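A.B. asks: Need coordinates for the below:
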Amino acid sequence: MQSSVQGWGSGLLGVIIFSGSLPATRVAVTDFSPLFLTSARAAIAALLAAVCLVALGQIRPRRSDLLSLVIVAIGVVIGFPLLTAWALEHITSARSIVFIGLLPLATAVFAVLRGGERPRPAFWLFSALGSTSVIVFAVSGGGAGALIGDLYMIAAIIVCGLGYAEGAKLSRRLGGWQVICWALVLSAPLMVALAMATLPLFGQTIGTPAWLGLAYVSVFSMLVGFIFWYRGLALGGIASVGQLQLLQPFFGLTLSGLVLGEPIATSMLAATAVIFVCVALARRFA
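C.D. replies: Okay, here's the model as predicted:
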């Protein structure tokens, strides 16, 4: 019981940190290309991760862990950041955020496929209800954008769900922060090369908000948030704690309104209440 409570608390901190990712990315892509933003955030986070691993004397993962680390890197270091950056060239931050409500289902599916978890049928019912609430909110709340942006977001959700589930499974043995750190270090050579190849043009003006956005996604979205998130998934269960992602759209929408000045739909409060109920019930039956 104590592990479950600690897992939910740690997972909630991760969700709060992740809630700032899409607004920060939206700000950053106004001046940076998606490819540079994705590779630069990974390269910066990899440097910090390497320092942590060396300073704390962590042993190298086993050879058998490499495939899982590659899957984590593809899902959350490369795939999700790049696909969301492309999406945010076509749709608003507010619109992109509501798709995050589909992450719990994606994570739960991969928890079954890759993590061996077997939630009860009622869990799937409340997960589906929660995800449906997010979809209804997205449709009713509107938000300008193109179909291609929505498709990028759906692809991002799929690869992110895979990365979350795979990382959580591996973190039971390696530890939460060690998993994301090793995944970052593993992807560093490719990300550094890509960052160098896509550097902004000499003389290009980069605004302060874009630099701040890059700093946030590099330090918090790419490293600090995952330390709490993977620890929460490992302690509380992938499918169970994964339901906390249903709250992320509403934290993120609040930030979009405060930071970017994007309007917040009046239906947000009602949808939030439904999501809270679905999260609580899904947790009970996980």
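A.B. asks: okay, now Ala49: neighbour count?
C.D. replies: By the measure other C-beta atoms under 10 Å, the count of residues near Ala49 is 24. Bear in mind the C-beta positions are built from the backbone N, C-alpha and C, glycine included.
A.B. asks: wait, what's in contact with the nearest residue to it once chain neighbours are set aside?
C.D. replies: With sequence-adjacent residues excluded and distances taken as C-beta to C-beta, 6 or more residues apart in numbering, Ala49 is closest to Cys181, at 3.7 Å. For Cys181, the contacting residues are 49-50, 52-53, 58, 223, by C-beta atoms under 8 Å, 6 or more residues apart in numbering.
A.B. asks: Spell out the residue ranges of the helices in the stretch 151-286 of the chain.
C.D. replies: Counting by DSSP state H, counting those that start in this stretch, the stretch 151-286 of the chain has these helices, from start to end: 176-197, 208-216, 225-236, 238-242, 248-255, 268-285.
A.B. asks: Now do the second one: which elements does it pack against?
C.D. replies: Counting by 3 or more C-beta pairs under 8 Å, 6 or more residues apart in numbering; DSSP states H and E, the packing neighbours recorded for helix 208-216 are helix 21-28, helix 34-55.
A.B. asks: mean pLDDT for these: which is lowest?
C.D. replies: Among these, helix 21-28 has the lowest mean pLDDT, at a mean of 90.
A.B. asks: picking up where we left off before, got a pLDDT number for the residue nearest to Ala49?
C.D. replies: On pLDDT, Cys181 comes in at 93.
A.B. asks: What distance do you get for it to Gly242?
C.D. replies: Note on Cys181: its distance to Gly242, by C-beta to C-beta, to the nearest Å, is 21 Å.
A.B. asks: And for Gly175?
C.D. replies: Distance from Gly175 to Gly242, by C-beta to C-beta: 19 Å.
A.B. asks: which one of those two has more residues nearby?
C.D. replies: Set side by side, Gly175 and Gly242 give different neighbour counts by other C-beta under 10 Å, the larger being at Gly242 (32 against 17).
A.B. asks: Tell me who's in contact with the spatially closest residue to the more buried one that is not a sequence neighbour.
C.D. replies: For Gly242, ignoring the flanking residues on the chain, the nearest one in space by C-beta to C-beta, 6+ apart is Thr107 at 3.9 Å. Applying C-beta under 8 Å, 6+ apart, one finds that Thr107 lies in contact with 161, 164-165, 238-239, 242, 245.
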